[in-house]
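[1] The sequence and its predicted three-dimensional model are supplied below.
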Amino acid sequence: MKYKYDKQTDIMIIELSTEKPDFAEQEGDIITHYTKENKPVEIEILNASKTTIDMLKAMLPRQAAIA
(Lines give C-alpha, C1' and ligand atoms only; values in the text may rest on other atoms or scores of the structure.)
Protein backbone atom coordinates (compact mmCIF):
# COMPACT_ATOMS: atom_id res chain seq x y z
CA MET A 1 0.00 0.00 0.00
CA LYS A 2 1.24 3.46 -0.94
CA TYR A 3 -0.15 6.87 -0.30
CA LYS A 4 0.54 10.40 -1.44
CA TYR A 5 -0.82 13.79 -0.51
CA ASP A 6 -0.99 16.83 -2.76
CA LYS A 7 -0.98 19.93 -0.59
CA GLN A 8 -2.08 22.26 -3.41
CA THR A 9 -5.24 20.29 -4.23
CA ASP A 10 -5.70 18.87 -0.69
CA ILE A 11 -6.18 15.37 -2.12
CA MET A 12 -4.83 12.17 -0.58
CA ILE A 13 -4.52 9.08 -2.75
CA ILE A 14 -4.19 5.66 -1.15
CA GLU A 15 -3.02 2.98 -3.58
CA LEU A 16 -4.20 -0.45 -2.44
CA SER A 17 -3.03 -2.36 -5.51
CA THR A 18 -1.03 -1.79 -8.70
CA GLU A 19 -3.97 -3.07 -10.76
CA LYS A 20 -5.62 -0.58 -13.10
CA PRO A 21 -9.08 0.64 -12.07
CA ASP A 22 -12.04 0.17 -14.40
CA PHE A 23 -14.59 2.35 -12.63
CA ALA A 24 -15.07 4.53 -9.58
CA GLU A 25 -17.79 5.38 -7.10
CA GLN A 26 -17.98 8.58 -5.09
CA GLU A 27 -19.55 8.97 -1.67
CA GLY A 28 -19.12 12.52 -0.40
CA ASP A 29 -15.43 13.41 -0.46
CA ILE A 30 -14.26 9.82 -0.93
CA ILE A 31 -13.81 8.24 -4.37
CA THR A 32 -13.08 4.52 -4.51
CA HIS A 33 -11.66 3.03 -7.72
CA TYR A 34 -12.39 -0.62 -8.54
CA THR A 35 -11.40 -3.32 -11.02
CA LYS A 36 -14.01 -5.10 -13.17
CA GLU A 37 -14.17 -7.71 -10.40
CA ASN A 38 -15.17 -5.01 -7.85
CA LYS A 39 -11.80 -5.15 -6.10
CA PRO A 40 -10.88 -1.75 -4.62
CA VAL A 41 -7.51 -0.59 -5.95
CA GLU A 42 -7.35 3.10 -5.03
CA ILE A 43 -9.03 5.55 -2.68
CA GLU A 44 -9.04 9.31 -3.28
CA ILE A 45 -9.87 11.57 -0.38
CA LEU A 46 -10.93 15.05 -1.45
CA ASN A 47 -10.56 17.92 1.02
CA ALA A 48 -8.22 15.53 2.80
CA SER A 49 -7.12 17.85 5.59
CA LYS A 50 -10.71 18.13 6.83
CA THR A 51 -12.08 14.74 5.73
CA THR A 52 -9.38 12.68 7.46
CA ILE A 53 -9.80 14.59 10.73
CA ASP A 54 -13.56 14.05 10.57
CA MET A 55 -12.99 10.32 9.97
CA LEU A 56 -10.62 10.07 12.93
CA LYS A 57 -13.07 11.90 15.20
CA ALA A 58 -15.77 9.43 14.23
CA MET A 59 -13.51 6.51 15.22
CA LEU A 60 -12.48 7.90 18.61
CA PRO A 61 -14.52 7.22 21.72
CA ARG A 62 -16.80 10.15 22.52
CA GLN A 63 -14.78 11.28 25.57
CA ALA A 64 -11.47 11.27 23.67
CA ALA A 65 -13.02 13.22 20.78
CA ILE A 66 -14.15 15.97 23.15
CA ALA A 67 -10.75 16.35 24.84
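    Here it is on my side, so go on.

[2] centroid residue for this protein?
    Taking Cα atoms, centre = their mean as the criterion, Ile45 is the residue nearest the geometric centre of the chain, at 3.9 Å.

[3] what's the nearest residue to that one if we skip its chain neighbours?
    Nearest residue to Ile45 in three dimensions, chain neighbours excluded: Met12, at 4.4 Å (Cβ to Cβ, 6 or more residues apart in numbering). Where C-beta positions appear, they are placed from N, C-alpha and C, glycine not excepted.

[4] next one: the helix or strand harbouring the one you found to chain centre, how far?
    Assigned by DSSP states H and E, Met12 falls within strand 11-15. Relative to its chain's centre, strand 11-15 lies at 6 Å (Cα atoms, centre = their mean, to the nearest Å).

[5] List the buried residues of the helix or strand that comes right after it.
    Using DSSP H and E, the helix or strand that follows strand 11-15 in sequence is strand 23-27. Judged by neighbour count (16 or more other Cβ atoms under 10 Å), strand 23-27 contains no buried residues.
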